[in-house]
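Visitor: Build me a model from this:
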Amino acid sequence: MASSSRKHKAYSMVEKLKFIKEIEGGKPLTQVSKDECIPKSTLGTWLKGKEKIMEAVSKGKDNVKRDRQACNQRVDEALLIWFKQIRSHNTAVDGELLLTKANSLAQSIGDGDASEISKSWVERWKKRHGIGQATVSGECASVNDDVVKRWRENVLPDLLKRYKPEGIYNMDETGLFYRMQTDKTLHFKGTKCSGGKQGKERITLALTANMDGSHKLTPLAIGKFAKPRCFKNVTSLPVDYKSNTKA
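Guide: Below you'll find the predicted structure:
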């Protein structure tokens, strides 16, 4: 039985230009996609890169496989240069950012067809250049586990006996560092993985609830500014907001 999955076909520049002219001639893009079994997104990419495709045809560059290999090689090299530069500034890079940049480079370097640049291409690129994922070294703080353990075993049980669960509340304060980078990044294997200066801008949050979860207070958010610009035209918030210059 023949497989229902269609093998990927590498279209020549002349073929691409033919489909472009059909669409510009009035044939719906959806119909071309259906008749030729070409994804609509691919046809859209060809339309955007029409000028480069026409230029390639006029110069007789119709060997699509050779052109794609050359294009991918240039993207490979350019992506490596970009990656070295951005990691030299200790900026965190993840797979999605890498894929976005690779596609952007393919559009600017290649013939406008970035269909070959995919997640699997990026994974192969990472293996070729010995790039893996690691946790960025940063600030850390620790609590004495023995002190906490003794308090939980010797002090807390006696305190809990005096009250019902619904009458026991806990309030915890935490900082939301909304401009802080992720602590995961791609980097060259075998090299030290360091992070850059982390953004310290934050909003302080106070969260309060009782022990059995039957009553949760509205979160309290404390920011530096009394009237942040982002609050313009906002009539209500899901939190109680206060301002403090040291928040």
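
Visitor: Secondary structure element holding the residue nearest in space to the middle of the chain?
Guide: What sits nearest the mean C-alpha location of the chain, by CA atoms, centre = their mean, is residue 96, with 4.5 Å. With the criterion set as DSSP states H and E, the secondary-structure element containing residue 96 is helix 95-109.

Visitor: In terms of secondary structure, what does that helix contact?
Guide: Using 3 or more CB pairs under 8 Å, 6 or more residues apart in numbering; DSSP states H and E as the contact criterion, the neighbours of helix 95-109 among helices and strands are helix 64-88, helix 119-128. To be clear about C-beta, it is placed using only N, CA and C from the backbone, and glycine gets the same treatment.

Visitor: ranges for the helices of the protein?
Guide: 13-24, 29-36, 40-48, 50-58, 64-88, 95-109, 119-128, 145-154, 156-160 (DSSP state H).

Visitor: okay, the angle between the helix holding residue 96 and helix 40-48?
Guide: Calculated by axes from the mean of the first three to the mean of the last three CA atoms, to 10 degrees, helix 95-109 forms an angle of 40 degrees with helix 40-48.

Visitor: Pull out the buried residues from helix 95-109.
Guide: 98-99, 101-107, 109 (16 or more other CB atoms under 10 Å).

Visitor: The least confident helix or strand in the chain by mean pLDDT relative to helix 95-109, how many degrees between them?
Guide: For the chain, using mean pLDDT, DSSP states H and E, the weakest element among its helices and strands is strand 184-188, scoring a mean of 71. Computed with the same axes, to 10 degrees, the direction of strand 184-188 lies at 60 degrees from that of helix 95-109.

Visitor: name the helices or strands packed onto strand 184-188?
Guide: Identification of packing neighbours for strand 184-188 by 3+ CB pairs under 8 Å, 6+ apart yields helix 64-88, strand 131-135.

Visitor: just to revisit the earlier point, point out the least confident one among the buried residues of helix 95-109.
Guide: Across the buried residues of helix 95-109, the member with the lowest pLDDT is residue 109, scoring 73.

Visitor: Distance of it relative to residue 79?
Guide: To residue 79, residue 109 is 10 Å away according to CB to CB, to the nearest Å.

Visitor: still on that earlier bit, only alpha carbons, please: show the helix holding residue 96 as PDB.
Guide: C-alpha atoms of helix 95-109 as PDB (Å, rounded to 0.1, in the frame of the first residue of the first chain):
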ATOM      1  CA  GLY A  95      15.900  27.300  21.200                       C
ATOM      2  CA  GLU A  96      13.000  29.500  20.100                       C
ATOM      3  CA  LEU A  97      15.200  32.600  19.900                       C
ATOM      4  CA  LEU A  98      17.800  30.600  17.900                       C
ATOM      5  CA  LEU A  99      15.100  29.400  15.500                       C
ATOM      6  CA  THR A 100      13.700  33.000  15.000                       C
ATOM      7  CA  LYS A 101      17.100  34.400  14.300                       C
ATOM      8  CA  ALA A 102      18.000  31.500  11.900                       C
ATOM      9  CA  ASN A 103      14.700  32.200  10.000                       C
ATOM     10  CA  SER A 104      15.500  35.900   9.900                       C
ATOM     11  CA  LEU A 105      19.000  35.300   8.500                       C
ATOM     12  CA  ALA A 106      17.600  32.800   5.900                       C
ATOM     13  CA  GLN A 107      15.200  35.500   4.700                       C
ATOM     14  CA  SER A 108      17.900  38.100   4.400                       C
ATOM     15  CA  ILE A 109      20.700  35.900   3.100                       C
END
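
Visitor: Can you pull out the residues in contact with it?
Guide: Residues from elsewhere that reach helix 95-109, judged by CB atoms under 8 Å, 6 or more residues apart in numbering: 49, 71-72, 74-75, 78-79, 82-83, 113-114, 116-119, 121-122, 125-126, 186.

Visitor: Outline the domain layout of this protein.
Guide: 13-135, 167-243 (automatic domain parsing).
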